[in-house]
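Novice: predicted model and sequence below, questions to follow.
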Amino acid sequence: MSRYTAYILSIVMTLVSLVLSRWQLEWWWGVAIFGALALLGTLDMLQHKRTLRRNYPILAHIRYGLETIGPEIRQYFIQSDIVEVPFSRDQRALVYQRAKRVNDVRPFGSLHDVYSVDYEWINHSMAPTSIASPDFRVSVGASSTQPYSASVFNISAMSFGSLSAAAIRALNGGAKAGGFYHDTGEGSISPYHRQAGGDLVWEIGSGYFGCRNDDGSFSAERFAKAASDPQVKMIEIKLSQGAKPGHGGVLPAAKVSAEISVTRGVPMGQDCVSPAAHTAFSTPIGLLQFVARLRELSGGKPTGFKLAIGHPWEWFGIAKAMQESAASQPELLPDFIVVDGAEGGTGAAPAEFIDHVGVPMQEALRLVHNTLVGLDLRDKVKIGAAGKIVSAFDIARTLAMGADWCNAGRGYMFALGCIQSLTCHTDRCPTGIATQDPSRWRKLDVPDKATRVREFHDNTLHALRDLLCAAGLDHPDQLGPEHILRRVSPTEVRSIAALYPFLRRGELLAGIPDHAVFKDFWQPARSDGFMPPPHVLSLRTGKCA
């Protein structure tokens, strides 16, 4: 078939239809249809931007059309139920079922190959327990004046602006009904966060939205006023986000609506810039001083920070600052740290960042947990973790690796009705969740979706309770790395405890453990700056040697 066949046929059929239309008026439809195709082919031949269109007039558009619906074809007709891209059909179905409180049991057997490498499970006990309530709580900020009792499964940071007004209202309504917290994201506290009255964790990013001066610097006065709201339960300083760590952002002036302007405290008609780095501090000890300052300004609410692990010596610098402060200035210690993994989601990020920047959550969590245990600070600082968590087993595995609680973003978006169309960055979200288009988000039924958010939370914790009972445990805080097993080859199985080194309590205080990352980077890390160690700097100049 010639690449010009479709174009030539469209011209021929236009002429034929035109002749036949003299005797039968119905042929005018042929004139219109084939004439439009002939015109399209002519335009393809005359344009110079796309060689494919010039070489394949008309036919090229079939390719473009198929390319456009390729993700949908793969998602609905080709992909396996258990292939995660980024979430599998199996994972999404589980959330939908639990959010709608429909039957989530499975027949016949597992879809997973239990002999495949990386298959994981939790060992059960011959003496299972019975747990009355699945409402598992974690006390955060026990030494502060306003401690908070957090659920072990909460809504991760997603800003108003990234999500629609209706989505924010539904998430917070579900959090209110279920007794768990809703992280605001760095876009500050919008009116939609306040309507249902659900518990909020106010995330303070580098743009200081909601607590900034006109020049973008931090405003203590504005922060204190907003943080005094009883709905705000904890304060979280965002150092970095798993999906795009070390990357700032710009909301173009055209998208800064009146609502976003008021919520974030930024002027309309100007780009809203979120810098890559904070201006309120520049060193590890400066970060801890900022933590203490926000805790005081908020009236004693638990205050901590969220980070994605990158250079290990930078985290070690923060840890050393905590070590130095623990005895002389304990008020500088954060009440909690949230570890965000590289597998975390976002509304939009450069491809290289979303694919190849940052440490995945499991490795990052183990490093933070191990460091705090080694410094004998683990009982003073709680750890939350986020990164592709949707099931009770995901929660159990994450808690076993060292977390006290888990956060989920996309899991709760699925509960709202997200279909993983991967159009979050286009403002054309088909379910009205990740869009600011009123014609789309107004179709989202807030009361119904709020109920689904709560049901997803509650039913997931019911499943977690069943896992704990099967394992012979009484509370999630009893989970340890010995409970999770992983197949490392077709013939070998290891517990997480056996696979990875875990530090003993106070081990870092006695010396440097036999662990590569600690041996290379702990000693030269400094609390007064994030500078790389000398041996790392020497590698950077190696090309000039």
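Specialist: Right, received. Where do you want to start?
Novice: now do the same contact list for residue 459.
Specialist: For residue 459, the contacting residues are 98, 99, 101, 104, by CB atoms under 8 Å, 6 or more residues apart in numbering. The C-beta positions use only the backbone N, C-alpha and C, and glycine is treated the same way.
Novice: recalculate using a threshold of 7 Å.
Specialist: Applying CB atoms under 7 Å, 6 or more residues apart in numbering to residue 459 gives the contacts 98, 101.
Novice: okay, and it sits in which element?
Specialist: Assigning secondary structure by DSSP states H and E places residue 459 in helix 446-470.
Novice: for the record, mean pLDDT for that helix?
Specialist: For helix 446-470, the mean pLDDT works out to 97.
Novice: ok, and what's touching whatever helix or strand comes next after that helix?
Specialist: Sequence-wise, the next helix or strand downstream of helix 446-470 (DSSP H and E) is strand 484-489. Strand 484-489 has contacts (CB under 7 Å, 6+ apart) with 115-123, 397, 400, 493-496, 499.
Novice: coming back round to it: gap between the helix holding residue 459 and the chain center?
Specialist: Using CA atoms, centre = their mean, to the nearest Å, the distance from the centre of helix 446-470 to the centre of the chain it belongs to is 19 Å.
Novice: can you pull the buried residues of it?
Specialist: Using 16 or more other CB atoms under 10 Å as the burial criterion, the residues of helix 446-470 that qualify are 446, 449-461, 463-465, 467-469.
Novice: give the helix, strand or coil label for residue 235.
Specialist: Put simply, residue 235 is strand when judged by DSSP: H, G, I helix; E, B strand; the rest coil.
Novice: for residue 291, that is, sorry about that
Specialist: Three-state call for residue 291 (three-state DSSP): helix.
Novice: then residue 203?
Specialist: Of the three states, residue 203 takes strand under three-state DSSP.
Novice: just residue 324 next, same as before
Specialist: Going by three-state DSSP: residue 324 is helix.
Novice: same check on the one 10 residues further on?
Specialist: Here residue 334 is recorded as coil under three-state DSSP.
Novice: tell me how many other residues crowd the residue nearest to residue 197 when sequence neighbours are not counted.
Specialist: Counting by CB to CB, 6 or more residues apart in numbering, residue 176 is the residue found nearest to residue 197 once chain neighbours are left out, at 5.4 Å. By the criterion of other CB atoms under 10 Å, residue 176 has 19 neighbours.
Novice: flag the shaky bits of the stretch 251-400 of the chain, pLDDT-wise.
Specialist: Counting by pLDDT under 70, the ranges of the stretch 251-400 of the chain that qualify are 252, 254, 348.
Novice: all helices for it, in order.
Specialist: All helices of the stretch 251-400 of the chain, identified by DSSP state H, counting those that start in this stretch, fall at 258-264, 284-297, 312-328, 351-356, 361-374, 392-400.
Novice: of those helices, which is nearest residue 64?
Specialist: Among the helices of the stretch 251-400 of the chain, helix 351-356 comes nearest to residue 64, with 20.8 Å by CB to CB.
Novice: now do the buried residues in the closest one.
Specialist: 353, 354.
Novice: do the same with stretch 260-275
Specialist: 260, 263, 264, 265, 266, 272, 274.
Novice: just to revisit the earlier point, for the contacts of strand 484-489, which one is nearest residue 134?
Specialist: Residue 134 lies nearest to residue 122 out of those, by CB to CB, at 16.2 Å.
Novice: now that closest one. Its backbone dihedrals?
Specialist: phi -110, psi 130 (degrees, to the nearest 10).
Novice: which ones are touching it?
Specialist: Contacts for residue 122 (CB under 7 Å, 6+ apart) come out as 393, 396, 467, 471, 483, 484.
Novice: again, only this time at 10 Å
Specialist: The contact partners of residue 122, by CB atoms under 10 Å, 6 or more residues apart in numbering, come to 392-393, 396-397, 400, 467-468, 470-471, 473, 479, 483-485.
Novice: one more: residue 341?
Specialist: Residue 341 is in contact with 242-243, 308-309, 358-365, 385-389, 398, counting by CB under 10 Å, 6+ apart.
Novice: you'd agree residue 518 is in a helix?
Specialist: Yes - inclusion of residue 518 in a helix is indicated when three-state DSSP is applied.
Novice: top of the contacts of strand 484-489 by number of neighbours, please.
Specialist: Among the contacts of strand 484-489, the one with the most neighbours (other CB under 10 Å) is residue 397, at 23 neighbours.
Novice: and the nearest residue to that one once chain neighbours are set aside, what's its pLDDT?
Specialist: Sequence neighbours aside, residue 484 is the residue nearest to residue 397 in space, at 5.2 Å (criterion: CB to CB, 6+ apart). At residue 484, the model reports a pLDDT of 97.
Novice: residue 484 - how many residues pack around it?
Specialist: Residues near residue 484, counting by other CB under 10 Å, number 24.
Novice: from residue 58, how far out is it?
Specialist: Using CB to CB, to the nearest Å, residue 484 is found at 56 Å from residue 58.
Novice: likewise residue 277?
Specialist: For residue 277, the distance to residue 58 (CB to CB) stands at 51 Å.
Novice: looking at these two, which one has more neighbours?
Specialist: residue 58 (23 against 12).
Novice: surely the more buried one and residue 5 touch.
Specialist: Yes - Residue 58 is within contact range of residue 5, at 9.2 Å (criterion: CB atoms under 10 Å).
Novice: can you list residues touching both of those two?
Specialist: In contact with both residue 58 and residue 5: no residue, using CB under 10 Å, 6+ apart.
Novice: helix or strand next in line after the helix or strand hosting the residue nearest to residue 197, which one?
Specialist: Here residue 176 is covered by helix 165-178, with elements defined by DSSP H and E. Remark: after helix 165-178, the chain's next helix or strand is strand 182-183, criterion DSSP H and E.
Novice: who's in contact with that following strand?
Specialist: 154-159, 168, 171-176, 193, 196, 198-203, 231, 233-234, 236, 238, 306, 338, 384, 386, 407, 409, 412, 453.
Novice: next: stretch 17-28.
Specialist: Here stretch 17-28 makes contact (CB under 10 Å, 6+ apart) with 16, 29, 30, 31, 32, 33, 34, 35.
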